[in-house]
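Enquirer: here is a sequence with its predicted model. Questions after.
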Amino acid sequence: MTEPGVSPPPSHPHDLLAVTAPPGTAPAGVAERAEFDEPAPTAGLIKPGYDPRLANEDLAPLRRQTWSSYNIFAFWMSDVHSVGGYVTAGSLFALGLASWQVLFALIAGIVIVNVFCNLVAKPSQMTGVPYPVINRAVFGVLGANIPAIVRGLIAIAWYGVQTYLASQALIIIFLKFWPATATLNDPRAYGFLGLSALGYICYAILWVAQAAVFWKGMEAIRRFIDWAGPAVYVVMVVLAVYLVSRAGWQNISLDLSQGESLGFAESIPVMLGAIALVVSYFSGPMLNFGDFSRYGHSFAAVKKGNLLGLPVNFLFFSLLTVITASATVPVFGELITDPIHTVQRIDTPFAILLGGLTFVIATVGINIVANFISPAFDFSNVNPQRISWRTGGMIAAVGSVLLTPWNWYGNPDAIHYTLGLLGALIGPLFGILIAGYYVCSRQRVWVDELFTLDRAGRYWFRGGYNPNAVWATVASGLPAIASVLVPKLLLDLELTTADLTWIADYSWFIGCGLGFVAMLLLERASPRIGDLDRDLEAASDGAARPA
């Protein structure tokens, strides 16, 4: 007996490759490239026997892995170089810590991110499949939709926010060069759902520009980020040199805190909070970094790119940020940590045009790599026949507008109770994937079996779901969510006067640790991931190949 809608099992595991897909069921992604004789450089190889309900050319193992360490380095440059990254880096130097303490926290945090990115990169680089597909080896061929949908929803929300922030820089350019558009910037006279007509125009321009780059595919995105990262650095260096020359080097300080500095004992929890802030900032792209590491031509190249793009790049970017922000005090008479406002205060047409466009490009870069590509793979994984990679990305783009991010971004409570809840699940999903791949599976993945709904398949588990991974998500997710929501809720309801909201800073670590431990304990009590020595010659064995 077979379950409704499930393919009958082949007579032997190796017969999987002899099964052909039903005629007339070309998976999504194939039709989009049908007019080309040669497959796209980033196209996956769909083998005979891959179930079309689990495979299309975007999800299948790559034919070629071509990205170099520079491409990975440029990816991280695009991820760091944004208005949000600028403000985050600057805020670390305004916590009342000594400069050496800030640098220590910054380096410690980014080294943790680097280590975790290498961990999550390896399974996708070794197998050539994106984040939602590699999760099938842990959650099951159907259960993998759980982490995919959670990550996709987070990306939709932040895609809208980042587009809105970039549109503010574009508005400044409009107002400087076309002052008559100021009347369109009044949401009371020319507004709808809380956004002015000019705001909609700028949002639409960026929305279309990002969609155009995305629609051309991963190779176009790679070329864009290869160029955008260095270009942003050039302008940032020029901005820093200009402000420092006006302020005088003797007036530059690495301490942006206002008020008395903290004592050593008082500074310890603040330093730990700063480390957690760095890790939390990168937690989203860190979780689905496999979407990019799969393109690396070797794991060694990915690790080298991570080293340059994370510790080296983030340290230099942070120092550049604090120097620029520090120079705003003597030049403008106040501390300005928002680069858009800094450019606006310079008030020369060339500076506003160059600076505004630069931060627009920077934010477009992080939006595409962090919040466009992730839901593209995630939603395509839900229904590969009907949702291609491009369609999945456009679902995210349209959904971001429907959320009207300009309304809830200015409401801290709305962000806390929505994104806080979803974001608390990033840690558990990360911990479960690491435990499942490195410990339970011993780095062994049978790639072809990630694409079959055969009940006898290795990753069918129980009904397509690994109950251990599902229960580990619940067991670790609930405490992580509680650490974010409960302390603030108690304060809002005036049920306590004790401020425990600092616990939320560590929600990623709480969730990651509990997810890792829960997955190991459940697999030990009732193993689901097994038979690791059967058909070993057909497995991708990460432990057997040198990095």
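Expert: Perfect, I can see it now. Numbering: from 1, shown residues only.
Enquirer: which residue ranges of the chain form strands?
Expert: All strands of the chain, identified by DSSP state E, fall at 191-192, 195-196, 444-445, 540-541.
Enquirer: could I get those as CSV with distance to residue 375?
Expert: Using the backbone N, CA and C atoms, a C-beta is placed for each residue, glycine as well. Shown next, in CSV, are the strands of the chain (distance: least, C-beta to C-beta, whole Å):
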stretch, distance to residue 375
strand 191-192, 26
strand 195-196, 23
strand 444-445, 24
strand 540-541, 26
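Enquirer: which ones are touching residue 438?
Expert: Residue 438 makes contact with residue 119, according to C-beta atoms under 8 Å, 6 or more residues apart in numbering.
Enquirer: which stretches of the stretch 401-547 of the chain have low pLDDT?
Expert: When residues are selected by pLDDT under 70, those of the stretch 401-547 of the chain lie in 410-420, 422, 545-547.
Enquirer: just the stretch 251-400 of the chain next, same as before
Expert: Looking along the stretch 251-400 of the chain with the criterion set at pLDDT under 70, you get 256-260.
Enquirer: out of the strands of the chain, which is the most enclosed?
Expert: Highest mean neighbour count of these: strand 444-445, a mean of 24 (counted as mean count of other C-beta atoms under 10 Å).
Enquirer: for that strand, which strands pair with it and how are they oriented?
Expert: strand 540-541 (antiparallel) (DSSP bridges).
Enquirer: where along the stretch 251-400 of the chain do the helices fall?
Expert: For the stretch 251-400 of the chain, applying DSSP state H, counting those that start in this stretch gives helices covering 264-287, 290-293, 299-307, 313-332, 339-346, 349-366, 373-382, 389-402.
Enquirer: and the ones you listed: which comes nearest residue 126?
Expert: helix 299-307 (6.9 Å; C-beta to C-beta).
Enquirer: okay, that closest one in CSV with CA atoms only?
Expert: Output in CSV follows, covering the C-alpha atoms of helix 299-307 (Å, rounded to 0.1, in the frame of the first residue of the first chain):
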residue,chain,number,x,y,z
PHE,A,299,35.0,24.5,0.7
ALA,A,300,38.5,26.0,1.2
ALA,A,301,37.5,28.9,-1.1
VAL,A,302,34.3,29.5,0.9
LYS,A,303,36.2,29.5,4.2
LYS,A,304,38.8,32.0,2.8
GLY,A,305,35.9,34.2,1.5
ASN,A,306,34.3,34.1,4.9
LEU,A,307,37.5,35.0,6.7
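Enquirer: tell me which residues of it are tucked away?
Expert: By neighbour count on 16 or more other C-beta atoms under 10 Å, the buried set for helix 299-307 is 299, 301, 302, 303, 304, 305, 306, 307.
Enquirer: same deal with stretch 470-490?
Expert: Quick answer for stretch 470-490 (16+ other C-beta under 10 Å): 470, 472-473, 475-477, 479-485, 487-488, 490.
Enquirer: out of these, which one sits closest to residue 515?
Expert: The closest of the buried residues of stretch 470-490, once distances to residue 515 are taken by C-beta to C-beta, is residue 476, at 3.8 Å.
Enquirer: got a list of what that closest one touches?
Expert: 427, 428, 431, 432, 511, 512, 513, 514, 515, 517, 518.
Enquirer: try it again with 10 Å
Expert: By C-beta atoms under 10 Å, 6 or more residues apart in numbering, the contact set of residue 476 is 424-425, 427-429, 431-432, 510-519.
Enquirer: would you mind checking the residues you listed for buried ones?
Expert: Judged by 16+ other C-beta under 10 Å, buried ones among the contacts of residue 476: 424-425, 427-429, 431-432, 510-516, 518-519.
Enquirer: closest to residue 359 out of the buried residues of stretch 470-490?
Expert: Using C-beta to C-beta as the measure, the one of the buried residues of stretch 470-490 that approaches residue 359 most closely is residue 484, at 29.5 Å.
Enquirer: what's the closest non-adjacent residue to the most centrally placed residue in the chain?
Expert: Compute the mean C-alpha point of the chain, and by C-alpha atoms, centre = their mean the closest residue is residue 285, 2.2 Å away. Leaving aside its sequence neighbours, residue 285 sits nearest to residue 370 (C-beta to C-beta, 6 or more residues apart in numbering; 4.6 Å).
Enquirer: one more: residue 466?
Expert: Among residues not flanking residue 466 along the chain, residue 140 sits closest, at 4.5 Å (C-beta to C-beta, 6+ apart).
Enquirer: residues in contact with the one you found?
Expert: Residue 140 sits in contact with 146, 457, 459-470, 528, where contact means C-beta under 10 Å, 6+ apart.
Enquirer: how close does it sit to residue 406?
Expert: Residue 140 sits 39 Å away from residue 406, going by C-beta to C-beta, to the nearest Å.
Enquirer: in stretch 379-391, what's buried?
Expert: 379, 380, 381, 382, 383, 384, 385, 387, 388, 389, 390, 391.
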